[in-house]
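1. with the sequence up front, the predicted model follows.
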Amino acid sequence: MTVIIIQVMRFGIYSSVDDSLKKATKNIDDYVNMAMVRNTMVSDAMDEDSEGSPFKIKPDGQMAANTDTILYDKKHNVVNNINAFSPLYRIHPKLHNLGAIAEQRAKNIYGQTEKYRTVTVKVDNAFYPQVKFATIVINTTQLEEANQRYVTIIISVMIVFWLISVIASVYLAKWSRRPILENYEKQKSFVENASHELRTPLAVLQNRLESLFRKPEATILESSESIASSLEEVRNMRMLTTNLLNLARRDDGIEPEITEVNPSFFDDTFKNYAMIAQESGKTLHITNKVSRQIKTDKTLLKQLMTILFDNAVKYTDQDGEIWIDVKTTDRSLILSVADNGQGISDTDKKRIFDRFYRVDKARTRQKGGFGLGLSLAKQITDSLKGSIIVKDKKPQGAIFEVRLAASK
């Protein structure tokens, strides 16, 4: 593109010069007469009314301005008067290519090279028969210098824009690759963590089953401990695979099924939570301020509340307390689940919604947790066009607050 622009500029700069030279070749006798009149220095040669004067100024303006004429005899000697300090003496007629425009260079008295566009034609003039050839010359030094400046500017601008485009392309390429790399790293971490979580129950199952083979005469009652441990690990694996399946479905972008939800839905759900809290030795405080119908996905909403409630039960000590508050505004449903457990540090808050991340891994494993619940809760919240945050509860504990879009 840069080469094309430069060539177009060069053609445009010299087009008017070449047009002047072409006009001069069509009126060569006028140029010869003018040059010879100047040469003779006859005072009345410029008078239009002088009888016999070979030079007449044409009213149609066919003669080009800013041109010099060099006349030669048949031996190629200059016959017209040229300034002795002019480099035109160093201009040579191009006799082998008459009528063609050529570029020539000549040094002036200061040793500087000047550039010219020239055209040489054969002359047959009735007034000056000694003139056999004429070279029309136009100095293009300033045009060439201007052209070089323009070329330098264009090349510099093109280089700058090229560098900018390269830098922008590299940046955009990295920017566009970033989510792909992040997803790849998340997927890699997901597979590694899933494999790690499955390895423990599988190892327990293998050890327990091998112990049964070592005691082929033992009764079911005598092997009840190994069988119970195996069943517990099977339940854990089933829970893990269920959570993994739910996460995979959410990754596929399943659209929520929006239905009408009555306020009684929360009362019925909280009754079940109260029974579970009582069995776990926890005190549950419930505040239901939903007084109108809302539109959302009932299944996803119940799963979200269950995840947060189950998380509060796991991280609350014996005889601990749990608070569930739910209310509506004109456009939102606000759900808050709080506990007076050990709380969550600022470092853990940044990763609490990552898959397989657990604040207390040893304690959570004992209670059957895999670090997938809050990640699934975050995905459900996003699918319902909401937000979920975790805050500290004073003096001790944590609060999970969810805001969901819930139109009337």
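-> Received the coordinates, thanks. Numbering: from 1, shown residues only.

2. my read is E145 is in a strand, agree?
-> No. Counting by DSSP: H, G, I helix; E, B strand; the rest coil, E145 falls outside a strand, being helix.

3. run a quick neighbour tally on it.
-> 11 (other CB atoms under 10 Å). (C-beta placed from N, C-alpha, C; glycine too.)

4. tell me the pLDDT of it.
-> E145 is assigned 81 on the pLDDT scale.

5. with the one 3 residues further on instead?
-> pLDDT, Q148: 81.

6. any idea how far the helix or strand hosting it is from the chain center?
-> Assigned by DSSP states H and E, Q148 falls within helix 141-214. The chain centre lies 13 Å from the centre of helix 141-214; the measure is CA atoms, centre = their mean, to the nearest Å.

7. which neighbouring elements make contact with that helix?
-> Here helix 141-214 is seen to pack against helix 2-26, strand 113-122, helix 224-251 when contacts are counted using 3 or more CB pairs under 8 Å, 6 or more residues apart in numbering; DSSP states H and E.

8. tell me the domain ranges of this structure?
-> 2-139, 146-254, 256-405 (automatic domain parsing).

9. and the helices and strands packed on helix 141-214, which one's lowest on average pLDDT?
-> helix 224-251 (a mean of 72).

10. following that one, which helix or strand shows up next?
-> strand 259-261.

11. re the thing from before, make a markdown table out of the domains of the chain and add mean neighbour count.
-> Formatted as a markdown table, the domains of the chain follow (neighbours: other CB atoms under 10 Å):
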| stretch | mean neighbour count |
| --- | --- |
| domain 2-139 | 15 |
| domain 146-254 | 12 |
| domain 256-405 | 17 |
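
12. state the distance from the spatially most central residue of the chain to V166.
-> Central residue of the chain (CA atoms, centre = their mean): L172, 3.2 Å from the mean position. Distance of L172 to V166, given as CB to CB, to the nearest Å: 11 Å.

13. also H76?
-> Distance, H76 to V166, by CB to CB: 56 Å.

14. check I380 too.
-> Taking CB to CB, one finds I380 at 44 Å from V166.

15. so for the host helix or strand of L304, what's the average pLDDT?
-> Using DSSP H and E, L304 sits in helix 298-314. Mean pLDDT, helix 298-314: 87.

16. may I have it exported as CSV, CA atoms only?
-> This file holds the C-alpha atoms of helix 298-314, laid out as CSV (Å, rounded to 0.1, in the frame of the first residue of the first chain):
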residue,chain,number,x,y,z
LYS,A,298,-38.7,-22.6,41.6
THR,A,299,-36.4,-25.7,41.3
LEU,A,300,-33.2,-23.6,41.0
LEU,A,301,-34.3,-21.3,43.8
LYS,A,302,-34.9,-24.2,46.2
GLN,A,303,-31.6,-25.8,45.2
LEU,A,304,-29.9,-22.4,45.9
MET,A,305,-31.5,-22.1,49.4
THR,A,306,-30.7,-25.7,50.2
ILE,A,307,-27.0,-25.2,49.3
LEU,A,308,-26.7,-22.1,51.5
PHE,A,309,-28.6,-23.7,54.4
ASP,A,310,-26.5,-27.0,54.2
ASN,A,311,-23.3,-24.9,54.1
ALA,A,312,-24.4,-23.0,57.3
VAL,A,313,-25.2,-26.3,59.1
LYS,A,314,-21.8,-27.8,58.2
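
17. any idea of the angle the helix or strand following that helix forms with helix 298-314?
-> Going down the chain from helix 298-314, the next helix or strand is strand 321-328, by DSSP H and E. Here strand 321-328 runs at an angle of 160 degrees relative to helix 298-314 (axes from the mean of the first three to the mean of the last three CA atoms, to 10 degrees).

18. tell me the angle of the helix or strand just after strand 321-328 relative to strand 321-328?
-> Later in the chain than strand 321-328, the nearest helix or strand by DSSP H and E is strand 332-339. Using the same axes, to 10 degrees, the direction of strand 332-339 lies 180 degrees away from that of strand 321-328.

19. which helices and strands does strand 332-339 pack with?
-> With contacts defined as 3+ CB pairs under 8 Å, 6+ apart, the packing partners of strand 332-339 are helix 298-314, strand 321-328, strand 398-405.

20. now do 10 Å
-> helix 264-279, strand 294-296, helix 298-314, strand 321-328, strand 387-392, strand 398-405 (3 or more CB pairs under 10 Å, 6 or more residues apart in numbering; DSSP states H and E).

21. figure out which of the ones you listed is closest to V137.
-> strand 387-392 (81.2 Å; CB to CB).

22. can I have the closest one written out in PDB, keeping just the CAs?
-> Taking C-alpha atoms only, strand 387-392 is exported to PDB below (Å, rounded to 0.1, in the frame of the first residue of the first chain):
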ATOM      1  CA  SER A 387     -25.700 -11.700  42.600                       C
ATOM      2  CA  ILE A 388     -24.300 -13.400  45.700                       C
ATOM      3  CA  ILE A 389     -21.900 -12.000  48.200                       C
ATOM      4  CA  VAL A 390     -20.400 -13.200  51.500                       C
ATOM      5  CA  LYS A 391     -20.000 -10.800  54.500                       C
ATOM      6  CA  ASP A 392     -18.800 -11.100  58.100                       C
END
